[in-house]
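Visitor: What follows is a predicted structure for the sequence shown.
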Amino acid sequence: MTANPEEKSEGVQAFPDSFDLEGEFARSNVQAVLEKLDRELVGLAPVKQRIREIAALLLVDKARRSMGLETGAPTLHMSFTGNPGTGKTTVALRMAEILKNLGYVRQGHLVSVTRDDLVGQYIGHTAPKTREVIKKAMGGVLFIDEAYYLYKPENERDYGQEAIEILLQVMENQRDDLVVILAGYANRMEVFFQSNPGFRSRIAHHIDFPDYSEKELMSIAKLMVDAQHYVLTPEAEKVLRDYIPRRMKMPHFANARSMRNALDRAKLRQANRLFGRKDRTNLTRHDLTTIEAEDLLASRVFQP
Amino acid sequence: MHENPRNMTQGQFSFLPPLTDDQIKAQIAYAIKMGFAVSVEYTDDPHPRNTYWEMWCQPMFDTKDPAAVMLEVNECRKVWGANHYIKVQAFDNARWRESVAMSFIVNRPKHEPGLGLARTEGPGRSIHYRVHSYATDKPRGERYK
């Protein structure tokens, strides 16, 4: 009931003189999320830096607001650009957590969609479909993967434009209810933004995800092996180190995702190797957790 | 004894002054917290016993935030708000309950002519009562003009 004009004139001195930024930071648990991000994601230094900056901005914004310095609701919509497998979805998940901890979204869930979830197949199908997705994401983060597919300039009757218009309207009018993150390849997103200037002006943070280096891919692979309770023999590790540069030169290389797929296939071959063994009656714990060099060497990457 | 108000009463809170948007949001937040499916319905046939109204949108089974329901309420107000009743319902799908757990009016027409009581004489001087909405004397679409 602050709408009362008398109360308002009295309330001027009610703002505190100081703000405990340290305490607020500790209370928000953002540090824990940032540390988790550092631990779980190898490399990506510029991305982590940007996220830290955004967290700092939001925290300071909160401090300013508590002293009555009205800044207006900050625009939080973001675009994540980078090649496949560089961690865009994972970072988006963490971003939702950070925004929730700082009180900028109420629920902190992530709804991940692509063009198919937003655009309908016939006239009048798109608007309800897009609205349905937006409603699901309310209070959280809407992550649109490969967002450039929404806009198809070669087909002027494409329904993607309708979805774009609804999205833009919601991004503008319901900034407190929903944060939109667009993701995709850098160069194609650039074209997308050029043909949809409305999006560019409504997005505050453009974050670019660099490709991983060989060394980083190796530590990612090791993290994955650890997380799944496998062990690489020293020979297997050597083979894997050799595998990475070969795979990077091949088409459809998708950074961390390629590493996961390579390990999945190694697991498959390991299982097959164990199954084909003559003495199947006494498998040890060591047998079940060890990936040998031969499991990796069978990959088509090593075929001439 | 409570004096019957001129306007139609149905569901929760209908003897109270109209809910503000913040109060509506708080009720919806409770419904979502309880895991109910929230839906929006409208009608121009006011009667305390008319419970099946037109559906505005599909029931929202997996919304996590009241803002999503408010979006539909406001859309519905834009289209029907001037001359229709709008209610928010919350359906509980728990076994053995499986029915509407909450229902409250969030929009009323600007002017409500109210309800009249009609008496019908039956055999043996018995009297039956009937509640009649003056608005329904006119055909649909012309009520509350």
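Guide: Arrived safely, thanks for sending. For clarity, every value in this text was computed on a predicted model and none was experimentally measured.
Visitor: what packs against whichever strand or helix holds A:Ile134?
Guide: Using DSSP states H and E, A:Ile134 sits in helix A:126-137. If contacts are counted by 3 or more Cβ pairs under 8 Å, 6 or more residues apart in numbering or on different chains; DSSP states H and E, helix A:126-137 sits against strand A:110-113, helix A:115-118, helix A:160-173, helix B:66-80. For every residue, glycine as well, the C-beta is placed using N, CA and C.
Visitor: okay, these in a markdown table with distance to A:Arg257 and mean pLDDT next?
Guide: What follows is the helices and strands packed on helix A:126-137, written out as a markdown table (distance: least, Cβ to Cβ, whole Å; pLDDT from 0 to 100):
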| stretch | distance to A:Arg257 | mean pLDDT |
| --- | --- | --- |
| strand A:110-113 | 15 | 94 |
| helix A:115-118 | 20 | 93 |
| helix A:160-173 | 26 | 91 |
| helix B:66-80 | 32 | 94 |
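Visitor: Residues of chain A that sit close to chain B?
Guide: Within chain A, the positions adjacent to chain B are A:106-107, A:109, A:128, A:131, A:134-136, A:138-140, A:174, A:176-178 by Cβ under 8 Å from any Cβ of the partner chain.
Visitor: Buried among those? Need that as a selection in ChimeraX.
Guide: Here is the ChimeraX command that picks out the buried ones among the residues of chain A next to chain B, judged by 16 or more other Cβ atoms under 10 Å in any protein chain shown:
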select /A:106,107,109,131,134,135,136,138,139,140,177,178
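Visitor: Please name the residues that touch whatever residue of the stretch 51-200 of chain A ends up closest to chain B.
Guide: Proximity of the stretch 51-200 of chain A to chain B (Cβ to the nearest Cβ) peaks at A:Gly139, 2.7 Å away. A:Gly139 makes contacts with A:Val105, A:Arg106, A:Gln107, A:Gly108, A:His109, A:Asp177, A:Leu178, B:Lys64, B:Asp65, B:Pro66, B:Ala67, B:Ala68, as judged by Cβ atoms under 8 Å, 6 or more residues apart in numbering or on different chains.
Visitor: Just give the closest residue to it, not the sequence neighbours.
Guide: Closest residue to A:Gly139 apart from its sequence neighbours, by Cβ to Cβ, 6 or more residues apart in numbering or on different chains: B:Asp65 at 2.7 Å.
Visitor: Backbone dihedrals for the one you found, please?
Guide: Note on B:Asp65: backbone dihedrals following degrees, to the nearest 10 are phi -140, psi 140.
Visitor: how near is it to A:Val30?
Guide: 21 Å (Cβ to Cβ, to the nearest Å).
Visitor: which of the contacts of A:Gly139 lies closest to B:Gly11?
Guide: B:Gly11 has its nearest neighbour among the contacts of A:Gly139 in B:Pro66, at 17.8 Å by Cβ to Cβ.
Visitor: what's the following helix or strand after the lowest-mean-pLDDT helix or strand in chain A?
Guide: Confidence across the helices and strands of chain A bottoms out at helix A:5-10, with a mean of 46, counting by mean pLDDT, DSSP states H and E. Downstream of helix A:5-10, the first helix or strand assigned by DSSP H and E is helix A:21-28.
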